[in-house]
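1. Requesting a structural model of the entry that follows:
(one chain, ligands or ions: 1)
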Amino acid sequence: MRLLVTGAAGFIGSHFVRLALERAPGAHVVVLDALRYSGHLSTMQDFWEQVRFYPGVVQDPTLVGHVIEVEKVTHVVNFAAESHNDRSLQDNGAFVHTNTFGVQVLLDQARRHGVEKVVQVSTDEVYGSIAEGDFTEDSPLRPNTPYAASKAGGDLLARAHHVAFRTPVVVTRGGNTYGPFQYPEKLIPFFLTRLLDGKKVPLYGDGGQVREWIHARDHAAGVWAALERGAPGEAYNVGDANERTNAEVVRVLLEETERDESFVKRIPDPRAGAHDQRYSMDCAKARRDLGWAPEVPFETALRETARWYRENEWWWRPLVEDDAYRQFVHSFYGPTLAEDL
Ligand code: TYD
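-> Numbers count the residues shown, from 1 in each chain. Next up, the predicted model:
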């Protein structure tokens, strides 16, 4: 297998490369990554020697075509994405460029160069929010944020390319993912890095929103199973049954960082009407057809993740001290709040 992994300098993509190198030791692995704000060479440090790296964006057809051709790529897995909902509420152009247009470019180039299989890595957020029960792969796509809409655009292009051109593309839809190497803007790493630094953390609204959490390694294993066994044209939900309110997750983070409730600042919800109340997926299809099942126990792995952040400050410290990061926190949470936080 000659595998192109896009976005592997990011969180889930890097976990996927580690897993791929374990599962297919002889595989030729090529990484294409734009090294945007959330992608870092330090994330790939442990496997850097084992991959070929190209810097660049998935929206560049010349570059993508060139990489597929010269590296004789047979399989493509697309993790390249703008992924933070809060940023998509500030400025959503980049989301459509990468998450929708980028998928179109990848699919076109994969078809042109006869790639054997493409996996488009997507998210449960394309379905929108569900009050009760679970989303199946046949649930309608009702995205509520520009981020989710841009990912849904990628899913629909994957479907259409399969129907129109028989492109062998499979879509995976992952749940909220946690683990080492997650850029400190999402709930868990944002809160952990702040709490370790003795700073307050901003819990949106009443903290009652429910997310279904899956460890990055299990998520990566689901994508791997889809690459090996997924049927072209199909989508697979890749989630774990760990439904928790944000407040419940935060309680564990406080315990692990030895902070008390006074570190939690409840703020008016900055997502307002676009804040999905609950995500939950039925993953029977992936279990049945891909032979995949999540293995990492949530509660212990969440605590291990907290310990990883405590022990791996070398990785996250430069990220949170970066000017652009500070500017984002400042502009999103407001100057007074940023100081107060
Ligand atoms: P997040 O990690 O951004 O993932 P997603 O938007 O994909 O679910 O947010 C998870 C939940 O945590 C979501 O309900 C919003 C909430 N949240 C906070 O309360 N405070 C924060 O600072 C962040 C980033 C998220």
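2. Is Gly233 in a helix, a strand, or coil?
-> Following DSSP: H, G, I helix; E, B strand; the rest coil, we place Gly233 in the coil state.
3. Would you map the helices across the stretch 151-300 of the chain?
-> 187-196, 216-229, 246-257, 284-290, 298-311 (DSSP state H, counting those that start in this stretch).
4. what's the angle between the third one and helix 298-311?
-> Read that as helix 246-257. 50 degrees (axes from the mean of the first three to the mean of the last three CA atoms, to 10 degrees).
5. what is the mean pLDDT for helix 246-257?
-> Average pLDDT, helix 246-257: 98.
6. Report the backbone C-alpha coordinates of it in CSV.
-> Provided in CSV are the C-alpha atoms of helix 246-257 (Å, rounded to 0.1, in the frame of the first residue of the first chain):
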residue,chain,number,x,y,z
ASN,A,246,-19.6,19.1,29.3
ALA,A,247,-19.9,19.7,33.1
GLU,A,248,-19.2,16.0,33.8
VAL,A,249,-16.1,16.1,31.6
VAL,A,250,-14.9,19.3,33.3
ARG,A,251,-15.3,17.7,36.7
VAL,A,252,-12.7,15.0,35.8
LEU,A,253,-10.4,17.6,34.3
LEU,A,254,-10.5,19.6,37.6
GLU,A,255,-9.8,16.5,39.6
GLU,A,256,-6.8,15.5,37.5
THR,A,257,-5.3,19.0,37.6
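7. Show me which residues of the stretch 101-250 of the chain sit near the ligand.
-> Glu125, Asn176, Lys186, Leu187, Phe190, Pro202, Leu203, Tyr204, Gln209, Arg211, Asn246 (CB under 6 Å from any ligand atom). All C-beta atoms are positioned from the backbone trio N, CA, C, and that covers glycine.
8. Identify those among those residues that sit within strands.
-> Applying DSSP state E to these, the entries found in strands are Asn176, Pro202, Leu203, Tyr204, Arg211.
9. so where's the stretch 51-200 of the chain shaky on pLDDT?
-> Applying pLDDT under 70 to the stretch 51-200 of the chain flags no residue at all.
10. Which strand or helix spans Val121?
-> Using DSSP states H and E, Val121 sits in strand 117-123.
11. for that strand, packing partners?
-> strand 75-78, helix 102-112, helix 146-165, strand 169-174, helix 216-229 (3 or more CB pairs under 8 Å, 6 or more residues apart in numbering; DSSP states H and E).
12. of all the ones you listed, which lies closest to Glu261?
-> helix 216-229 (28.1 Å; CB to CB).
13. Which positions in that closest one come out as buried?
-> 216-228 (16 or more other CB atoms under 10 Å).
14. With stretch 154-166 instead?
-> So, applying 16+ other CB under 10 Å, buried residues of stretch 154-166: Gly154, Asp155, Leu157, Ala158, Arg159, His161, His162.
15. Go through these and say which is closest to Ala284.
-> Each of these was checked against Ala284 using CB to CB; the closest is Asp155, at 19.3 Å.
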